[in-house]
Each structure stands twice: as C-alpha cells, then as structure tokens.
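Peer 1: Pasting the sequence and the predicted coordinates here, then a few questions.
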Amino acid sequence: MFHSTNVIPAKHGNCNSGCTSLGAVCYIGCLICGFISMGTTALANQPAADFTLNRPPATQPIPDPMAALHRPLLLAINPDDQSVFEPVAPPSEEQGFNQGGVNFEFNVNYLNNNVYRGVNHNRVGHIGAPNFNIDSKLSFNLGAFPHPFAGLVANVFDSDPQSRFQEIRPFVGFDLQLRPFTFSIGHTSYIYPERESFNTAEVWAQVVLDDSLLFKTEQPVFTPYVKAAYDYQINNGWYFEAGLRHDFNFRDIGLVLSLRGDIAYITNTRTEFIFSNAKRSGFQHYDVGLVASYSLNKVFNFSSRFGEWNIYGYLWYTGKLNDRIVGDNILWGGTGIGFKY
C-alpha cells in the first residue's frame, strides 16, 4: 500500500541543500573571526588610550575653578611686579618727619637783648635785661603751587616801663620754590602796645639761592639771599638786606652749627622802632652770628614722626655803620627750645 521509493528520493534531495547552506555559514564565520583577530592584534600593539575627560597627570594637583574667587584683592602695587623702575622704599626714621600738607613751627627763646634790624629795643629799659621771645609759623604745602604761611612774633620785656608786651609782629605770605631759587612775598605788621603811634606795616619780598647746584654738593654752601621791605604806613621808605649762611652738620650727634652774616641799607626811613634817624638813607648795620641747633630727638632716641624738638643757642654781634642812623654796637644772644611738625 505504501510506496517507499517516493519517500527516499525526497529525503536525499533535502540533505544536499542543507549541507551547502551550512558550509556557506561556516565560511562567513571564519572570515568574521579572522577580521576580529586582526583587529584585536592591531589594538594590542597600540598604546592604551586615556578616555578620561582631559584629566591632568596624577603628579599635578587638579586646579580649583573657584580659586580665582577666593584670591585676595590687591589694592597696592604687587611687590612681585616686574618693572624697570626701582620700587619705592618705606621712609626711614630720619625721613619719617611730617611730610603732609600742613607744617607748624614754634620757638620759645630767652635773650639778654631784643635786637631787631640793628636796633636794641632794650634801650627803653635796661640794657642786658632778659627778654622772653616767642616765634611761631604755620605753613601749607600745596605742591607745585605757592605755599601760604602765617605766623606771629612776640617779645615780652619785663623791664619796659610802659608795656611788658613790648612788640607783636603778625605776618602772612607765601613761598614759591623754583629751584634753585625760593621766592617769598609777605606782609608784616608792627604793633607796639601802649605805643600805638609808632605802629606801622610793610610788604616785603625775599629771594634765596640754593647754591648746591652750582657747587655740586649735597647741601647748600653759602645760601645767599636778598630781601627788600617797603614801609607804607609811617616811613614810606625801603629796607634792603643781603646775607649768607653756612651750616656745619654733625649728624651723628644731632648738632648743626650755622655761621651767618648780613648787611642792611635803608632809604627814606625816619624812625627805627621808636627812635628817630638823623639821616634817613644809607648803610645802617651788619650782623655776624653763630646759631647752634641740638636735636633732642637724637639725645633721647625717639622718632621724628611725631615732631622734632631742638635746643638752640644764639651768639650775635651787631654793629652800626653810620653814626647818624639809629643802630647799636652790641654782643648779644641767648638760648631757646623749638618744636617742628
């Protein structure tokens, strides 16, 4: 009933087709394995790649992106700044003196005679009697502009028969420094308490030469100056003065010795203080003196940042140049203490 011949051929035909398909699959698989093997070998011969996101080597610290926000803000010149200019050094103790816009000077002197412009004001009382002299000045430093100043000189003479406050001289003016010259222009009033009829006033100008530029020295040598004053109230006359000054500076011990000299000429001047001139014009007087300044800051070894204290010594000789013009031949001097800031 069943025919085996019909089944057997069909069975043999299916086997040949399956073997052919299986061989093709194996061939393709071998190719794929070969390619994979070649790729693996090539990758094995390459250095290992670093797939981290730009991570720096382990030997270097990882920068903090927030460090810039925590860095301190510098409000001054960075000392590490590379510059062709020499950095400004901090001031030393000697340079620590007040260099601001306002300076003040105050001196108190004890003198055996009050001699001013060749005339001894002690004439009205006792020659050689002590005088208590106050000299003060306030100045303003405006840089390249003129420096205004104001001050007061007062003399107390106990032997004066009319007024112990013998003389008061307020003054104002300004200084202008145009190196090597210093120009000064000012106004001075002469007030004589209880002698008001002799009160007068003047305008004046002065030029001082810094001759260190001429001699190429650190300090001035002679410091020559000339001064002219016009009395516009009583005398309507002129007073001219020229002088020199040389300082011997002993810095190690804080001592300065100043040799000074001047000579004066007057024109159309009727009175000097309360004394009348027989001759109104001519050379009037000369002065030769030695002024010593000794630093108390150096003695007690304290800084000048809070001011300079000095002790002064004065020794002068004044000689008159014309017997018909009021003047005195007298050796006089004294001592004093001064403060500068």
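Peer 2: Arrived safely, thanks for sending.

Peer 1: Would you report the backbone torsion angles of residue 128?
Peer 2: Phi and psi for residue 128, reported as degrees, to the nearest 10, are phi 90, psi 0.

Peer 1: what's it in contact with, if anything?
Peer 2: 112-113, 122 (Cβ atoms under 8 Å, 6 or more residues apart in numbering). Every residue, glycine included, has its C-beta placed from N, CA and C.

Peer 1: Okay, it and residue 111: tell me how far apart.
Peer 2: 10 Å (Cβ to Cβ, to the nearest Å).

Peer 1: now do residue 117
Peer 2: 15 Å.

Peer 1: And residue 245, by the same measure?
Peer 2: According to Cβ to Cβ, residue 245 stands 20 Å off from residue 111.

Peer 1: again, but for residue 165
Peer 2: Residue 165 is 15 Å from residue 111, by Cβ to Cβ.

Peer 1: Residue 196 now?
Peer 2: Relative to residue 111, and taking Cβ to Cβ, residue 196 is found at 25 Å.

Peer 1: So which of those two has more stuff around it?
Peer 2: Using other Cβ atoms under 10 Å as the criterion, residue 196 and residue 111 rank with residue 111 on top: 20 against 8.

Peer 1: So what does the closest residue to residue 179 other than its chain neighbours have for phi and psi?
Peer 2: Closest residue in space to residue 179, ignoring its immediate chain neighbours: residue 210 at 6.4 Å, by Cβ to Cβ, 6 or more residues apart in numbering. Per-residue torsions, residue 210: phi -90, psi 100 (degrees, to the nearest 10).

Peer 1: does residue 210 really touch residue 217, like I thought?
Peer 2: No: contact between residue 210 and residue 217 fails when scored by Cβ atoms under 8 Å: they sit 10.3 Å apart.

Peer 1: For those two, indicate the residue with more neighbours.
Peer 2: residue 210 (16 against 10).

Peer 1: Contact partners for the more buried one?
Peer 2: Residue 210 touches 179-182, 220, 223, counting by Cβ under 8 Å, 6+ apart.

Peer 1: Among these, name the ones in helices.
Peer 2: With DSSP state H as the criterion, helices contain none of those.

Peer 1: Buried ones only from those, please, as a ChimeraX command.
Peer 2: Selection of buried members from those for ChimeraX, criterion 16 or more other Cβ atoms under 10 Å:
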select :182,220,223
